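J.: Quick one, fold the following:
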Amino acid sequence: MNDTELLELTVESIAQGGDGVGRLDGMVVFARGGLPGERVRLAISERRPSYARGTVVEILEPSPDRVAPRLAAGAHAPWQHVAYAAQLRFKETILREQLAKLAGITDAPLAPIIPAPSAWGYRNSARLHVAGTSVGYHEAGSQVVVDLAQDPMLLPALNEALAGLRGFASAPPGLPLEGVTLRASAAYGYALAALQPTPGADGMELLLLAEAWRARVPTLAGVVVDRRGWRGAASGTATLHDELGGIGFALGPESFFQVNAAQAERMIALVVEALGPAPGVELLDLYSGVGTFALPLAAAGARVTAIEEHPAAVADGEQSAMLNGISRVRFVQAPVERALPGLDGPFAGAVLDPPRRGCHPAVLEEVARLGIERVVYVSCHPGILGRDLGALLQAGYRLERLQPIDLFPQTPHVETIVILTR
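T.: This is a model prediction of the structure:
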């Protein structure tokens, strides 16, 4: 007997997470897969006194913004059913709403969103799961691995690597892996991989798998085995070289790097333009990662202090600085909130590029204490951006420009570059 609750709903708007939103008898209903203007039938998965959540199981009246999805199961591409022009429109709307709700900004100097030059085939990295003979992503809301023949979100070198790995997974019991991380060089067209083995997997078997995989896929330049006792063991190279903003980067297979190279180039140009690096100018790069912003800023003449807590990212940043002959950057390996109080400046400008959770409150306080005249905040979450902007505005900063940029087509995620002056 199927006791799933079904209901009909008119979708009125879009939520930050990408779900459609409607109201029924005064209750807010989130409709996964629904678009504004549609009449849909939902299967309810969660019901609370003030709201309910469900998944669209039938489109009764479709929106003109709806298109045919490319993947039957595409939890990693939750907006693949949305026309790209509508994706951009929805992202601007979400950003405006979150800034008004969380920072009280109703007259934001919001520039039109910068669309991606390619709405598909842009991702330079993927973290795939493995379960026996299946290689792919988790099904939405579960730990079930959906086998993936190829992924239209990925660069060609990654799909070539995926196809080669699936060839080894086809026979039971499958691969001795829990997952695999793939990374491609957008500049040079080759890939690296890092294997996450199952507990008890034989290390020599993994290295043999790596050798066979590389032999099958000419564009796979290296495979690293990421297991305690074997970490760093590799077939081929363990370093990937890529380019952004005229800078060559040397990266480990799992160091964070922007997934969309074409849009990352535009972000770097915006940050450099906003901070005006020149000889004698002192800048900060907070949550600097591998130096995506620090290295182009230093190459343009500024002296940059880059703070990052992850040792592997700092090591990659220092190696990249050396490879490019950039000496005006200093990497500090520490949590930003711990390192900033030890700095006195003066700093003319700073770039803040925090993880999805945003800035630690102490970081925003320290930015104000240091009297930094110009701040560029790079955000990947409109709600968290609204929260942090509220703190910076209260500290005496004013908004000069808000520039959304679409790094993640086929998803509701939106990147925003915010320029503030004191």
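J.: mind listing the helices for this structure?
T.: With DSSP state H, the ranges of helices along the chain come out as 84-103, 156-169, 203-216, 261-275, 294-299, 311-323, 336-339, 361-369, 382-394.
J.: Any chance you could list what contacts the second one?
T.: The set of residues that contact helix 156-169 without belonging to it, under CB atoms under 8 Å, 6 or more residues apart in numbering, is 121, 123-126, 128, 130, 132-135, 147-151, 154, 175, 180, 182-185, 189-191, 193, 209, 212-213, 216-217, 219-220. To be clear about C-beta, it is placed using only N, CA and C from the backbone, and glycine gets the same treatment.
J.: Can you check what angle separates it from helix 203-216?
T.: Orientation of helix 156-169 against helix 203-216 (axes from the mean of the first three to the mean of the last three CA atoms, to 10 degrees) gives an angle of 130 degrees.
J.: which phi and psi does residue 173 have?
T.: When read as degrees, to the nearest 10, the backbone of residue 173 gives phi -80, psi 10.
J.: Nearest residue to it in space, please, no chain neighbours.
T.: Distances taken as CB to CB, 6 or more residues apart in numbering place residue 132 nearest to residue 173, at 6.1 Å, with adjacent residues excluded.
J.: Show the contacting residues for the nearest residue to residue 409 once chain neighbours are set aside.
T.: Using CB to CB, 6+ apart and skipping the chain neighbours, the partner closest in space to residue 409 is residue 119 (4.1 Å). Taking CB under 8 Å, 6+ apart, we find residue 119 in contact with 84, 87, 409, 410.
J.: right, so of the helices of the chain, which gets closest to residue 346?
T.: Closest of the helices of the chain to residue 346 is helix 361-369, at 11.8 Å (criterion: CB to CB).
J.: Determine how far the closest one lies from the middle of the whole chain.
T.: Relative to the centre of its chain, helix 361-369 is centred 25 Å away, using CA atoms, centre = their mean, to the nearest Å.
J.: what residues does it touch?
T.: Helix 361-369 is contacted from outside by 286, 336-337, 340-341, 350, 352, 354, 375, 388, 391-392, 395-397, using CB under 8 Å, 6+ apart.
J.: Please check the residues you listed and keep the buried ones.
T.: 286, 336, 337, 340, 350, 352, 354, 375, 388, 391, 392, 397 (16 or more other CB atoms under 10 Å).
J.: Can you get me a residue count around the residue nearest to residue 216 when sequence neighbours are not counted?
T.: Using CB to CB, 6+ apart and skipping residues adjacent in sequence, the residue nearest residue 216 is residue 164, 4.5 Å away. The burial count assigned to residue 164 is 20, neighbours taken as other CB atoms under 10 Å.
J.: Next: residue 195.
T.: Applying other CB under 10 Å, I find that residue 195 has 29 neighbouring residues.
J.: tell me the domain boundaries of this protein?
T.: In terms of domains, the chain is parsed into 6-66, 90-117+260-421, 125-241 (source: automatic domain parsing).
J.: returning to that earlier point: taking the buried ones among the contacts of helix 361-369, tell me the two that lie furthest apart.
T.: Maximum pairwise distance in these, criterion CB to CB, is 18.6 Å, between 337 and 397.
J.: sorry, back to before: dump the contacts of residue 119 to JSON lines, plus distance to residue 111.
T.: What follows is the contacts of residue 119, written out as JSON lines (distance: CB to CB, whole Å):
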{"residue": "84", "distance to residue 111": "19"}
{"residue": "87", "distance to residue 111": "17"}
{"residue": "409", "distance to residue 111": "19"}
{"residue": "410", "distance to residue 111": "22"}
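J.: ok, the residues you listed vs residue 70, which is closest?
T.: Here the nearest of those to residue 70, counting by CB to CB, is residue 410; it sits at 8.7 Å.
J.: partner residues bridging the closest residue to residue 9 other than its chain neighbours?
T.: In this structure, residue 9 finds its nearest non-sequential neighbour in residue 22, 4.4 Å apart by CB to CB, 6+ apart. Per DSSP bridges, the residues bridged to residue 22 are residue 29.
J.: Surely residue 22 touches residue 15?
T.: No. Counting by CB atoms under 8 Å, residue 15 is not a contact partner of residue 22; they are 10.5 Å apart.
J.: So for those two, which sits in the more crowded spot?
T.: A count of neighbours by other CB under 10 Å puts residue 22 above the other of residue 22 and residue 15, at 23 against 16.
J.: if I look at that one, how far off is residue 374?
T.: Between residue 22 and residue 374 the computed distance is 43 Å (CB to CB, to the nearest Å).
J.: Please, where are all the strands along the stretch 51-200 of the chain?
T.: 51-61, 125-131, 134-138, 145-147, 177-184, 191-197 (DSSP state E, counting those that start in this stretch).
J.: Throw those strands into TSV and include mean pLDDT, thanks.
T.: Shown next, in TSV, are the strands of the stretch 51-200 of the chain (pLDDT from 0 to 100):
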stretch	mean pLDDT
strand 51-61	94
strand 125-131	93
strand 134-138	91
strand 145-147	90
strand 177-184	94
strand 191-197	93
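J.: Make a markdown table out of those and add distance to residue 224.
T.: Output for these, formatted as a markdown table (distance: least, CB to CB, whole Å):
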| stretch | distance to residue 224 |
| --- | --- |
| strand 51-61 | 38 |
| strand 125-131 | 14 |
| strand 134-138 | 17 |
| strand 145-147 | 22 |
| strand 177-184 | 9 |
| strand 191-197 | 5 |
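J.: Would you mind finding the most buried of these?
T.: Sort those by mean neighbour count, taking mean count of other CB atoms under 10 Å, and strand 191-197 sits at the top with a mean of 26.
J.: Any regions of this structure where pLDDT drops low?
T.: Counting by pLDDT under 70, the ranges of the chain that qualify are 1-2, 227-233.
J.: ok, now with 50
T.: 1 (pLDDT under 50).
J.: What are the contacting residues of stretch 397-406?
T.: Residues contacting stretch 397-406 (CB under 8 Å, 6+ apart): 87-88, 91-92, 95, 99, 105, 108-111, 113-116, 263, 266-267, 270, 274, 368, 375, 389, 393, 414-422.
J.: quick one on the thing from earlier: am I right that the residue nearest to residue 173 is in contact with residue 176?
T.: No. Contact criterion CB under 8 Å: residue 132 and residue 176 do not qualify, at 10.2 Å.
J.: list the contacts for the closest residue to residue 14 other than its chain neighbours?
T.: Distances taken as CB to CB, 6+ apart put residue 90 closest to residue 14, at 4.9 Å, once the chain neighbours are dropped. For residue 90, the contact set (CB under 8 Å, 6+ apart) comprises 14, 82, 412.
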